[in-house]
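Asker: predicted structure and sequence below. I'll ask about it afterward.
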Amino acid sequence: MMSKKIIIIYWIATLWLALGMVSTGIVQIIKMEEEVLNFHKLGYPTYLMTIIGIAKILGVIAILSPKFPILKEWAYAGFTFTMSGAIISHIVVQDELTSLFGPTLLLVLTFISRHFRPESRRV
């Protein structure tokens, strides 16, 4: 049985992760001007924004769903690869350090959410 403290940590991390992924996913899907400029600065094509944005929203649905533990693992892996890729991309183009905050926070929240998830949400 998980303690109440562990469950609270899980839900706080998971809800913040979901909020971050949905909000950035929407920004990418609607191709907000600032995000388009960011993608171009990183050297990525604009169409990739739609793919990543949709994947983020589907990943959030997977991790919030009470079932489908294998799908959750894929979602957590996808979030890890996407945020790691974002961090590395910003470093490679020598972007300012502040650009690392968002993807680093989302990566940390991904790790916390996955680590503290209840047994019913594990494979």
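Answerer: Perfect, I can see it now.
Asker: so Gly20 makes contact with Leu109?
Answerer: Yes. Counting by CB atoms under 8 Å, Leu109 is a contact partner of Gly20 at 6.8 Å. Placement of C-beta: from N, CA and C, glycine included.
Asker: ok, now which ones touch Ile9?
Answerer: 112, 116 (CB atoms under 8 Å, 6 or more residues apart in numbering).
Asker: need the next SSE after the helix or strand harbouring it, C-terminal direction.
Answerer: Per DSSP states H and E, Ile9 falls inside helix 4-29. Sequence-wise, the next helix or strand downstream of helix 4-29 (DSSP H and E) is helix 33-42.
Asker: list the buried residues for that following helix?
Answerer: Within helix 33-42, the residues that count as buried by 16 or more other CB atoms under 10 Å are 35, 38-39, 42.
Asker: do the same with stretch 72-89
Answerer: Those would be 72, 75-76, 78-79, 82-83, 86-87, 89, for stretch 72-89 by 16+ other CB under 10 Å.
Asker: ok, stretch 44-64 next?
Answerer: 49, 52-53, 55-57, 59-60, 62-63.
Asker: need those residues in a markdown table with distance to His115 and secondary structure, can you?
Answerer: Output for the buried residues of stretch 44-64, formatted as a markdown table (distance: CB to CB, whole Å; DSSP: H, G, I helix; E, B strand; the rest coil):
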| residue | distance to His115 | secondary structure |
| --- | --- | --- |
| Met49 | 29 | helix |
| Ile52 | 24 | helix |
| Gly53 | 26 | helix |
| Ala55 | 22 | helix |
| Lys56 | 20 | helix |
| Ile57 | 23 | helix |
| Gly59 | 17 | helix |
| Val60 | 18 | helix |
| Ala62 | 17 | helix |
| Ile63 | 13 | helix |
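Asker: right, I'll call it a day here.
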